[in-house]
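Chemist: Curious how this folds, go ahead:
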Amino acid sequence: MSLVLPSAAEKTALDFMLGVTVPGNQTLKLFTNNIAPADTDTAATYTEMSTLGYVAKTLTKTAWVTTAGATGAPASSVQPQQTFTFTAGTLVTVYGYYVIDSTTGLLLWAESFGGGKDIQNAGDQIIIVPTITLSRV
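Modeler: Okay, here's the model as predicted:
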């Protein structure tokens, strides 16, 4: 599935990109409502997972590693792998993740897994490597 940058975050993204505003860290969260990320979303659109030992992850702004795009290929930036490891309990289906600005709580982007990931057993994991790749249109 493709990463969705909602309309509410477009100005913030440009302000960060142009140095108008200094970005802070981001927070990576998992969502459990079965929805497709959309342009009109806000952080409140998503139901954050809250059981089975779940803890949101901080994406430190200085941990992003950006690679320049070669001819015909866009640039991309990647964070280290983020591993969510769960405890046992009642079955929960996770449908994707979303990222908020840690300072403002503003939704920055979201992405669906393209199908649910069932979590129920001790040691179940969801692994995400946060990546943003610019698109050439």
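Chemist: how far away is the residue of the chain most remote from its centre from S112?
Modeler: Note on the chain: the largest C-alpha distance from the chain mean falls to T71, namely 27.7 Å (CA atoms, centre = their mean). Taking CB to CB, to the nearest Å as the measure, T71 falls 31 Å from S112. From N, CA and C alone the C-beta is placed, and that goes for glycine too.
Chemist: which stretches of this protein form helices?
Modeler: Under the criterion DSSP state H, helices of the chain are mapped to 7-18.
Chemist: mind listing the strands for it?
Modeler: Remark: strands assigned in the chain by DSSP state E are 26-31, 57-59, 65-67, 76-78, 82-85, 92-101, 107-119, 125-128, 131-133.
Chemist: Turn those strands into TSV, including distance to T12.
Modeler: Listed next are the strands of the chain as TSV, based on distance: least, CB to CB, whole Å:
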stretch	distance to T12
strand 26-31	11
strand 57-59	15
strand 65-67	18
strand 76-78	16
strand 82-85	22
strand 92-101	7
strand 107-119	7
strand 125-128	22
strand 131-133	14
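Chemist: From S135, how far off is the residue farthest from the centre of the chain?
Modeler: From T71 to S135 the distance is 16 Å (CB to CB).
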